[in-house]
Structure formats: structure tokens, C-alpha cells
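1. Output the structure for:
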Amino acid sequence: MSKTKTSKKVLLNKHVFLARLKTRWSFLAWLVAAVLAIILYFHGGRFGGMSGSVFTHMQTTAPLTMGRLVELVVDVGDEVKQGELLARMDASVLEAEKSLVTAQMRNMIAEVKTEEVQNLRRFDASIIRLESELRDLRLKQTEAISELAALQPEFKRMEKLFKFQLIAEQELMPLRMRILSLEAITKNYPNAIQQVESSLVEAIGQKDSISKQSTISMDLIEKEAKEQMSLLDVQIEACSLLAREDCTVSRIYFYPGDIVTEGSPILASVVEGELRIIGFLSEYNARDVQVGMKAYLTSVSGYGPIVESQVVALTPEIYTLPDRANPIMGQIARGRRVVLSADPTCGLLPGESVDIHFQRPWTTRIMWNIFSDKGEGK
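-> Just a heads-up that it's a prediction; the model follows:
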């Protein structure tokens, strides 16, 4: 009996409570509105955020010269370290050109040496002839001086005999003419000897200059050939395409056997490193963001935790977003570009679109904690 009375009393209280709710529904509506207003005041009264994307630092690998791709070492998704081989181009043409340059250098040096030997032989013959002529002149000069020295006393003796008329003038005249001839000859010998000596010195100097010029010519030929071979060595070395940074292969455009023109990328890679996010801040909110501010990133796909980041750069001017990048077709978008930095291990993918919040998105956090077993908890 007591249990029946209790159940009836509970039903009566519920009925009374529902009746009161019906009569006071407007008060409840105002109460909910006030709560929402408070939430909006504390969580939405300031600039909230914007959209952006994870910056993709791409590295392309391209040959310096046109050629055939002979080897591709990596595939899409392969992680490579700096300096590791990615691909190899055909270097046979460059190797042949290097051999040709070496052969041309040797032939040109041989021609210079042959010409040097021929010129040296000609000058050696001239030097030998001048030295012989110089010896003959000096010998004849010595003989003329000696003969003159011997005839002069004899001429004085015969001249005394002629004064005493002991000999005829016909006997004296040949000796006088010979002495006069020897005196003239001995006067001319120094000039003749000097001319031959000058010619000899000039010939020796020209011979030495020929040797020096040949040495200089060979040095120039060798230097030019070495410069050409050094350039070819660089091009041959460049046929082995290496990774410039730690990266992951993203795309492959050519495969072994394909002809690749100079500068055409063979493959593209995503470079590992600091994660950067690029966003566009509208002109209306151009002053709401400063370098050093914290921001929170969430993937537009709805997957993943909230990622903390920091504003590291802002474009100094306000500019118009290009039409091809404008999310609103037919409407001009003006503002500033915002660059944020985040932990590379946060799980965001290169090129992924994200929502950038400047207050922690509490609703996203709640949903992530409810439906995710990771429980980010920040």
C-alpha cells in the first residue's frame, strides 16, 4: 500500500514539473541564449582565424646537359639522404669529347715542339756560320797586324837605301803599296768584327726567345686544354645526380632510356625540415596578427589533434591575391600573407589544407577527445 502511494506521488511531481516547464519555457530560452552569449563573448569576440596550407619545400633534380637517362636509382616514396645518388645520365659523349681534347692538346704541343726544333736548327746553323766568320776575321786581323809589324822596319831600312840611291824606286814601291794596303785593312777589321759579333749576339738572343716562346705556347695550350677538361669533368660529374638535401621522392617524370633536355626535371622530392604553414590574412584583420603570436592548426579533413604553431613572418604590405589563388571567384581579395612554424613531427602532410585559429578551438578539442583514442589532452 505504501509503495503504491509513493509511485503516485512521484508521478504527480513529474506532472507538476512538466507543467511548470511549459509555463516557463520563455525563461529557459532566455537562459540558454545568455549562456551562448557568454560563450560567444569569451570565445568569439575577437578575430578567430583563417585558412591556410602546409608549405611544400620541393627539390627538383635536373641534368645540366641534354642526354639519355641510363639509370634511376630511386622510386616514389623513397627516403634519401643528402649526397646519395638519385639518377645517372649518359656521359659517353662527354668522355669522348674529353679524349678528343686530350689528343688535340698533344698534337698541338707536338707541332710546337717540331717547329721549335726546326727554328733552333736554322739559328744554330746561323750561329755556327757567324762564329766561323768571326774566327776568320780575327785570324786575318792578327795576320795583317803581324805582317804590317814585320814590313814596317823593312820599309824603313829600304827607304834609307833609296835615299842613298843604293836601290831603285821600283824596288821600294811594292813594299810601300803592301804596307798601305795592310794599314787600310787593319782599320776596317774592328768594324767588320763588331758587326759580326752583333749579328752573333742577336742570333743567340733570337734562339733563346724561340725556346721561351715555344715554352709559353705549350703552357698556354696545356692550360686551355686543362680548363676544357676541367669543365668536362664537372659536366661528367654532374651526370651523377645527387640529393642536395634529405628528402623523400615525390614524383618521377623520366625513366631509363628517355632523352632529357638540359634543365628538365627528372624527379621531384619533398625536402625534410622545419614545417611552414602559409595563410592569407584579409585586409579587414590585417592588424590583428603579429609575429610571435601563437596559433592552433586543425586539418580541414577533421582528422588529427590540434597543433600548436607560431607566427614567424608577415608580408609588410597589403596586396591583392592573384585570381588563380583567390578562393572567392569574381571577388578581389586583399590582405597579408602569414607564415607560421610548427613541429615537423606534428603529423600534418605537405600541401595539406588547414584551419588556422588564434584561440584554441575548444569544440574541436572536445570532439577529438570524445571520438579519438589518442586523447590529445591539451
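2. any weak-confidence spans in the stretch 251-378 of the chain?
-> 322-332, 361-378 (pLDDT under 70).
3. Endpoints of stretch 227-246, how far apart?
-> Distance between the two ends of stretch 227-246: 33 Å, counting by C-alpha to C-alpha, to the nearest Å.
4. which parts of stretch 250-261 are buried?
-> The neighbour-count check on stretch 250-261 (16 or more other C-beta atoms under 10 Å) flags Ser250, Ile252, Phe254, Val260 as buried. In this view, the C-beta of every residue, glycine as well, is placed from N, C-alpha and C.
5. Residues contacting that stretch, please?
-> Residues from elsewhere that reach stretch 250-261, judged by C-beta atoms under 8 Å, 6 or more residues apart in numbering: 58, 62-63, 66-72, 75-76, 89, 264-270.
6. Determine how far the longest helix along the chain lies from the middle of the whole chain.
-> The residue-count maximum for a helix in the chain (DSSP state H) belongs to helix 92-163. Offset of helix 92-163 from its chain centre (C-alpha atoms, centre = their mean, to the nearest Å): 57 Å.
7. which secondary structure elements does it contact?
-> helix 169-238 (3 or more C-beta pairs under 8 Å, 6 or more residues apart in numbering; DSSP states H and E).
8. hang on, the earlier thing: now the longest helix of the chain: average pLDDT?
-> Average pLDDT, helix 92-163: 87.
9. what angle do that helix and helix 169-238 make?
-> Between helix 92-163 and helix 169-238, the angle comes out at 170 degrees (axes from the mean of the first three to the mean of the last three C-alpha atoms, to 10 degrees).
10. So what would you say the end-to-end distance of stretch 157-169 is?
-> For stretch 157-169, the first and last residues are 13 Å from each other (C-alpha to C-alpha).
11. list the buried ones in it?
-> Of the residues in stretch 157-169, those buried by neighbour count under the rule 16+ other C-beta under 10 Å are Met158.
12. likewise stretch 224-233?
-> Buried, per 16+ other C-beta under 10 Å, within stretch 224-233: Ala225, Gln228, Met229, Leu232.
13. The first one and Gln104 touch, don't they?
-> Yes: between Ala225 and Gln104 there is a contact under C-beta atoms under 8 Å: 7.2 Å.
14. which residue ranges form the strands in the stretch 251-378 of the chain?
-> With strands called from DSSP state E, counting those that start in this stretch, the stretch 251-378 of the chain shows them at 259-260, 267-271, 275-282, 294-299, 307-314, 319-320, 334-342, 353-357.
15. Torsion angles phi and psi at the residue nearest to Ala238 when sequence neighbours are not counted?
-> Among residues not flanking Ala238 along the chain, Leu64 sits closest, at 4.7 Å (C-beta to C-beta, 6 or more residues apart in numbering). Per-residue torsions, Leu64: phi -80, psi -30 (degrees, to the nearest 10).
16. tell me the contacts of Leu64?
-> So Leu64 contacts Gln235, Ala238, Glu262, Gly263 (C-beta under 8 Å, 6+ apart).
17. wait, which of the residues you listed is closest to Phe123?
-> Gln235 (43.9 Å; C-beta to C-beta).
18. Share the number of residues neighbouring the residue nearest to Ile193 when sequence neighbours are not counted, please.
-> Leaving aside its sequence neighbours, Ile193 sits nearest to Leu137 (C-beta to C-beta, 6+ apart; 5.1 Å). When neighbours are counted by other C-beta atoms under 10 Å, Leu137 registers 19.
19. Cross-check the contact I'm expecting between Leu137 and Tyr189.
-> Yes: at 6.4 Å, Leu137 counts as touching Tyr189 under the criterion of C-beta under 8 Å.
20. Isn't Val339 up against Leu314?
-> Yes: between Val339 and Leu314 a contact is recorded at 7.3 Å, counting by C-beta under 8 Å.
21. Pairing partners for Gly52 in the sheet, please.
-> In this entry, Gly52 is beta-bridged to Gly279, Val354, by DSSP bridges.
22. just Leu242 next, same as before
-> The partner residues for Leu242, given DSSP bridges, come to Leu85.
23. just the one 10 residues further on next, same as before
-> Here Ile252 sits in beta bridges with Leu267, going by DSSP bridges.
24. Could you check how far it is from Ala91?
-> Going from Ile252 to Ala91 by C-beta to C-beta, to the nearest Å gives 21 Å.
25. Near Ile193, how many other residues are there?
-> Here the number of neighbours of Ile193 (other C-beta under 10 Å) works out to 16.
26. Please list all residues in contact with it.
-> Contact partners of Ile193, counting by C-beta under 8 Å, 6+ apart, are Leu134, Leu137, Arg138, Gln141.
27. I'd like these written out as JSON lines, with distance to Ala184 added.
-> Shown next, in JSON lines, are the contacts of Ile193 (distance: C-beta to C-beta, whole Å):
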{"residue": "Leu134", "distance to Ala184": "21"}
{"residue": "Leu137", "distance to Ala184": "15"}
{"residue": "Arg138", "distance to Ala184": "18"}
{"residue": "Gln141", "distance to Ala184": "13"}
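28. gap between stretch 216-229 and the chain center?
-> 24 Å.
29. Please disregard the earlier target; I meant stretch 211-218.
-> Worked out by C-alpha atoms, centre = their mean, stretch 211-218 lies 35 Å from the chain centre.
30. Grab the nearest non-local neighbour of Glu197.
-> Leu134 (6.4 Å).
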